[in-house]
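>>> Make a model of this:
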Amino acid sequence: MQGIRSVLFTLFVLLTVLTAQSAFASLTVFQTYTGSYGVSSDGFGSTTNSGTISADVPLGATVVSAYLYSATFGGIETPPSLGTVTLNGDTVTFNTNYVNSIPPSLPDYFNTGRGDVTSIIAPVINGGPGGIYNFNVTESESSTDGEALVVVYSLPSLPTSTIAILDGGASLTGDTTTMSFATPLNPSDPGFMATMAIGDSFSCCGQASTITVNGNLLTQNAGNNDDSADASAANGNLITVGGIGDPFSPINPSYGDDHEFYNLVPFVNNGDTTITVNTVNPSNDDNIFLALFDVSGSATVCDTPDCASNVPEPGLFLLFGSGLLALWLSGRLFRRRLV
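Next up is the predicted model:
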């Protein structure tokens, strides 16, 4: 029996090592959808803690999933409380919270919650007239910068695309998203698209993030509080979410012309099989809590520079397999002693 206990302890240690070495970026893949899908994104922020957030869904589409994010900052509590957020009068349950390591001098300063609001959104949109749908949102905490609404819908007439939702909090060293395609890309194909939107809170007044695509600069001015309903920037309304009402940002725009909604097609070459996007906040004072991609075709989406790095090292598999073998042999030896 002592031998079995020893082997079980060894397996526990191996599993702990295996888990500890599976490293992911702070912005991690939450959901991917491949097929005839589309996506809508919008943001809201106000020091009045009440306003409207929207979804843009065409006629005949069916909502597949909808998520509301609420981003807070500072406060007495650590992490700061999300408080109570309502959407069309219904209280949103945030099943997932993300605490950000930025800023490094104030750990847990940013807290972002994600709630599944499909049951609130779908009955309004499904069977509706199509177009813009508005939803009332309220916040109980003055330390809430605002919300982001992401709605994924299906529509049979749409071409095949891959939609990816990544969420979490910006890493101090930056985050990487890699989209890998089995078929080489041809950006000159009619209808080819590759778009990106980000959600960023506690951002204003020159605080900016940098984004590169396939090693080329897309912007060094992502940020600001574009989705504030207030006339001026203040704590409690510092949020921007690329999406409804936003034109594509030009390449490397000015701070005011960056709308956090981007066309990645100019960065894709004929024959490419990957699109790699890096985001980083050099000043470590913004909270990029959301990245949203919509690309033509079928893609595998990873939150590391190399999709293979999501797979544990072969040596770890060997160690784990050896541990299982040791447990099996120990069990056989124990049973033979009882015979």
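
>>> can you pull out the helices in the stretch 101-250 of the chain?
Using DSSP state H, counting those that start in this stretch, the helices of the stretch 101-250 of the chain run over 118-125.

>>> Strands of the stretch 101-250 of the chain, residue ranges please.
Along the stretch 101-250 of the chain, counting by DSSP state E, counting those that start in this stretch, strands occupy 110-116, 131-139, 144-154, 161-168, 175-181, 194-201, 209-213, 216-222, 239-241.

>>> Run a quick neighbour tally on residue 289.
Residues near residue 289, counting by other Cβ atoms under 10 Å, number 31. C-beta here means a position set from N, CA and C on the backbone, and glycine is covered the same way.

>>> on that earlier part again, redo the strands of the stretch 101-250 of the chain as CSV? Include mean neighbour count, mean pLDDT and distance to residue 34.
Putting the strands of the stretch 101-250 of the chain into CSV (neighbours: other Cβ atoms under 10 Å; pLDDT from 0 to 100; distance: least, Cβ to Cβ, whole Å) gives the following:
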stretch, mean neighbour count, mean pLDDT, distance to residue 34
strand 110-116, 24, 96, 20
strand 131-139, 18, 98, 25
strand 144-154, 27, 98, 11
strand 161-168, 23, 97, 5
strand 175-181, 20, 96, 11
strand 194-201, 28, 98, 14
strand 209-213, 21, 97, 21
strand 216-222, 20, 98, 24
strand 239-241, 31, 98, 23
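
>>> Next, format those strands as JSON lines and append distance to residue 102.
Shown next, in JSON lines, are those (distance: least, Cβ to Cβ, whole Å):
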{"stretch": "strand 110-116", "distance to residue 102": "7"}
{"stretch": "strand 131-139", "distance to residue 102": "22"}
{"stretch": "strand 144-154", "distance to residue 102": "14"}
{"stretch": "strand 161-168", "distance to residue 102": "11"}
{"stretch": "strand 175-181", "distance to residue 102": "11"}
{"stretch": "strand 194-201", "distance to residue 102": "11"}
{"stretch": "strand 209-213", "distance to residue 102": "10"}
{"stretch": "strand 216-222", "distance to residue 102": "14"}
{"stretch": "strand 239-241", "distance to residue 102": "15"}
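
>>> which one of those lies closest to residue 290?
strand 194-201 (3.2 Å; Cβ to Cβ).

>>> just checking, what packs against the closest one?
Judged by 3 or more Cβ pairs under 8 Å, 6 or more residues apart in numbering; DSSP states H and E, strand 194-201 is in contact with strand 37-44, strand 62-73, strand 144-154, strand 209-213, strand 239-241, strand 261-263, strand 274-280, strand 287-296.

>>> I'd like the ones you listed written out as TSV, with distance to residue 100 added.
Shown next, in TSV, are the helices and strands packed on strand 194-201 (distance: least, Cβ to Cβ, whole Å):
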stretch	distance to residue 100
strand 37-44	17
strand 62-73	10
strand 144-154	12
strand 209-213	13
strand 239-241	14
strand 261-263	22
strand 274-280	13
strand 287-296	5
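
>>> So which of the ones you listed is nearest residue 181?
Nearest to residue 181, of the helices and strands packed on strand 194-201 and by Cβ to Cβ, is strand 274-280 at 7.0 Å.

>>> and the angle for the closest one with strand 161-168?
30 degrees (axes from the mean of the first three to the mean of the last three Cα atoms, to 10 degrees).

>>> Paired strands for strand 274-280, with orientation please.
According to DSSP bridges, strand 274-280 forms sheet pairs with strand 175-181 (antiparallel), strand 209-213 (antiparallel).

>>> one step back: and of the strands of the stretch 101-250 of the chain, who's closest to residue 43?
Closest to residue 43 of the strands of the stretch 101-250 of the chain, according to Cβ to Cβ: strand 239-241, at 2.8 Å.

>>> And that closest one, what does it pack against?
Looks like strand 239-241 contacts strand 37-44, strand 144-154, strand 194-201 (3+ Cβ pairs under 8 Å, 6+ apart).

>>> For residue 280, find the nearest of the strands paired with strand 274-280.
Nearest of the strands paired with strand 274-280 (Cβ to Cβ): strand 209-213, 5.4 Å.

>>> quick check: angle from the closest one to strand 287-296?
Using the same axes, to 10 degrees: strand 209-213 against strand 287-296 is 20 degrees.

>>> centre of the chain versus strand 209-213, how much separation?
16 Å (Cα atoms, centre = their mean, to the nearest Å).

>>> circling back to that earlier point, got a markdown table for the helices and strands packed on strand 239-241, with distance to residue 77 too?
Formatted as a markdown table, the helices and strands packed on strand 239-241 follow (distance: least, Cβ to Cβ, whole Å):
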| stretch | distance to residue 77 |
| --- | --- |
| strand 37-44 | 23 |
| strand 144-154 | 13 |
| strand 194-201 | 17 |
